[in-house]
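In: coords below, sequence missing:
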């Protein structure tokens, strides 16, 4: 498990107030040849939030990003590092899962139908 800075998260959509997201960036598109989902990235000044990266799945497998003890899940997303395309260049894969895990409380789960995926969790430190 890797802990990343807020600017490295690929997709977040948690239970945050509009004021908390007012300094956020909206990122759309593709990077490094992989598929990104829509991202909102909190400003770096918000040190109570951080991201966790799950392990890259096997093709068609599941990736989990688990918030550590002392924190809770507020959002997440995925990154598909090696997407499948048709000969015409259209995406040839689908996202089967991208959301909070019902089986693992505090974890974000992601799954691509054909290729591999990496899940990201947006975590917030619990109040002291």
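Out: Structure's in. What do you need? Since the structure is predicted, the reported quantities are computational estimates derived from the model, not experimental observations. Residues are numbered from 1 along each chain as shown.
In: Assign residue 89 to helix, strand or coil.
Out: Following DSSP: H, G, I helix; E, B strand; the rest coil, we place residue 89 in the coil state.
In: how about it, phi and psi?
Out: Per-residue torsions, residue 89: phi 90, psi 0 (degrees, to the nearest 10).
In: tell me the contacts of it?
Out: Going by C-beta atoms under 8 Å, 6 or more residues apart in numbering, residue 89 touches no other residue. Every C-beta, even on glycine, is put in place using the N, C-alpha and C of the backbone.
In: Residue 75 and residue 122 touch, don't they?
Out: Yes - taking C-beta atoms under 8 Å as the definition, residue 75 is a contact partner of residue 122 at 3.8 Å.
In: Regarding this structure, what is its longest strand?
Out: Counting residues, the longest strand found in the chain (DSSP state E) is strand 71-80.
In: What helices and strands are in contact with it?
Out: Applying 3 or more C-beta pairs under 8 Å, 6 or more residues apart in numbering; DSSP states H and E, one finds that strand 71-80 contacts strand 34-36, strand 95-100, strand 107-112, strand 118-125.
In: can you tell which of those is closest to residue 86?
Out: Nearest of these to residue 86, taken as C-beta to C-beta: strand 34-36 at 14.1 Å.
In: pLDDT (mean, whole number) over that closest one?
Out: Across strand 34-36, pLDDT averages out at 47.
In: looking at this protein, which helix or strand is least sure?
Out: The helix or strand of the chain with the lowest confidence, counting by mean pLDDT, DSSP states H and E, is strand 25-27 at a mean of 25.
In: just to revisit the earlier point, comparing residue 75 and residue 122, which residue is more hemmed in?
Out: A direct count of neighbours by other C-beta atoms under 10 Å for residue 75 and residue 122 places residue 122 higher, at 27 against 23.
In: That one is in contact with residue 49, isn't it?
Out: Yes - using C-beta under 8 Å, residue 122 is in contact with residue 49, at 6.3 Å.
In: Now the common contact residues for those two.
Out: Residues touching both residue 122 and residue 49 (C-beta under 8 Å, 6+ apart) are residue 74.
In: thinking again about what came up before, in CSV: the helices and strands packed on strand 71-80, plus distance to residue 58.
Out: Shown next, in CSV, are the helices and strands packed on strand 71-80 (distance: least, C-beta to C-beta, whole Å):
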stretch, distance to residue 58
strand 34-36, 16
strand 95-100, 14
strand 107-112, 10
strand 118-125, 12
